[in-house]
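# fold the following.
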Amino acid sequence: MRLLDVDPLTRIRRQFRYDNTDETFVVQTTQDVEPTIELTKASYNAMDERAPWKGDLHKVASIPLVVWADLVRKGIAYDDAALRRWLDDSEQRVFRVRPGKLSK
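Alright, predicted model coming up:
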């Protein structure tokens, strides 16, 4: 694999891989999401579960760019109901900044 670039701000790495057997290539994009997970965990733990949802807008998650790009590819990112279900999944709790159920 050959490193193409690294964004120091987002920690996104792009690497080029060429397969000689079938003469194909892949540009792989990865991101160190650990800092985001640590921040969301701290926010989640600091939030009072009994705090009311006031107003129209609430920050409920911090989703790393590579995860968001995957959600776009899967058709989840801009489908409100699907995104709420995805965020309610226990596997995605690492991205949540407050407790509560989002899907109806």
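
# just to be sure, L83 is in a helix?
Yes - membership of L83 in a helix is supported by DSSP: H, G, I helix; E, B strand; the rest coil.

# so what's it up against?
By C-beta atoms under 8 Å, 6 or more residues apart in numbering, the contact set of L83 is L71, I76, A77. Just so you know, the C-beta spots here come from the backbone N, C-alpha and C atoms, and that holds for glycine as well.

# just send those back as JSON lines, with pLDDT too.
Formatted as JSON lines, the contacts of L83 follow (pLDDT from 0 to 100):
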{"residue": "L71", "pLDDT": "97"}
{"residue": "I76", "pLDDT": "97"}
{"residue": "A77", "pLDDT": "97"}
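
# how far away is V33 from Q92?
Distance of V33 to Q92, computed by C-beta to C-beta, to the nearest Å: 12 Å.

# what's the answer for R84, then?
Where Q92 is concerned, R84 sits at a distance of 11 Å (C-beta to C-beta).

# setting aside sequence neighbours, what's the nearest residue to the residue positioned nearest the centre of the chain?
With distances taken as C-alpha atoms, centre = their mean, the chain has I63 as the residue nearest its mean C-alpha position (3.1 Å). Excluding the flanking residues, the one nearest I63 by C-beta to C-beta, 6 or more residues apart in numbering is F95, at 5.3 Å.
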